[in-house]
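Participant: pasting the sequence and the predicted coordinates here, then a few questions.
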Amino acid sequence: MRTLYEYTALYLGLLLYASMSLAWIGIAVLLYPLLPERLGRPVGRYGIMYGWRIFFGIMHAAGAFRFDTAELEALRKDTPLLLVANHPSLLDAVIVASRLPDLVCIMKANLNDNIFLGAGARLARYIRNDSGHGMIKAAVAELRKGGQLLVFPEGTRTAEPPVGRFKGGAALIARHAGVPLQTLIVETDSPFLSKRWPVYARPRLPIRFRIRLGLRFDPPDDPVAFTHALEAYYARELAGVSTPPFETGS
């Protein structure tokens, strides 16, 4: 019975996600050419926030997910701010986006062009990661408008827990924008949607996520040294956190 419940919750959740995404695509496609940027940005970001909040609320009620994101509420009006986080799962960004109304993310170009994600991302003026220099320039400009920017210093999901090698983009953005850098510590008890998650694997439910606030740092003078120190900080914070192996059996 547990296996049946887990498969049912998983696939009904995916169907719900696809249905909500398609509905938002239609709205975003219509609004993008009609709304100027100053209106499109907040409409797009609130749409993403409430869409994911509704989705996660339904999945929580179904017993599929359990979230502890209360500490993020303290950041809602704290702008401009650069948020950095470790990246164990594909859900990390959208969990944060579901709690913060003025969040902008950096997206890979192929995700920005994705049928389920692209229209909403363009309306919200998310940043395309087409080139390093252009991405940093766009990120600095966004922070100077007073928003919140989410960056994963690993550049991709964690391949080898507890944390992967950090890239220097976050430190460069913080330095050039002159904004503080707030660390977010993402913890989960499941490998669901991690780097090596098998496409058809069945996760054991409920899946628990906790996002807590770590230290806040001033803009760094030396981005290279700061990046090494930041990676070491995350390694220490996550040293006692581990996820169980994949459970793919029927």
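Facilitator: Nice, thanks for sending it over. Numbering: from 1, shown residues only.
Participant: output the contacting helices and strands for the longest strand anywhere in the chain.
Facilitator: If you go by DSSP state E, the chain has its longest strand at strand 207-217. Contacts defined by 3 or more CB pairs under 8 Å, 6 or more residues apart in numbering; DSSP states H and E place strand 207-217 against strand 65-68, helix 92-97, strand 181-188, helix 223-237. C-beta here means a position set from N, CA and C on the backbone, and glycine is covered the same way.
Participant: hey, what's residue 207 bridged with?
Facilitator: On the basis of DSSP bridges, residue 207 is bridged to residue 65.
Participant: that one and residue 199, how far apart?
Facilitator: Distance, residue 207 to residue 199, using CB to CB, to the nearest Å: 17 Å.
Participant: more neighbours: which of the two?
Facilitator: Counted by other CB atoms under 10 Å, residue 207 and residue 199 do not tie: residue 207 has more neighbours, with 21 against 4.
Participant: surely residue 211 touches residue 94?
Facilitator: No - Residue 211 is beyond contact range of residue 94, at 11.6 Å (criterion: CB atoms under 8 Å).
Participant: not counting sequence-adjacent ones, nearest residue to the most centrally placed residue in the chain?
Facilitator: Residue closest to the mean C-alpha point of the chain, counted by CA atoms, centre = their mean, is residue 93 at 0.8 Å. Excluding its sequence neighbours, the residue lying closest to residue 93 (CB to CB, 6 or more residues apart in numbering) is residue 105, at 5.5 Å.
Participant: then residue 107?
Facilitator: Distance criterion CB to CB, 6+ apart; nearest residue to residue 107, sequence neighbours excluded, is residue 126 at 5.2 Å.
Participant: angle of the longest helix along the chain against strand 207-217?
Facilitator: Secondary structure assigned by DSSP state H gives helix 2-31 as the longest helix of the chain. On the basis of axes from the mean of the first three to the mean of the last three CA atoms, to 10 degrees, helix 2-31 is oriented at 50 degrees to strand 207-217.
Participant: run the chain-centre distance for helix 2-31.
Facilitator: Relative to its chain's centre, helix 2-31 lies at 18 Å (CA atoms, centre = their mean, to the nearest Å).
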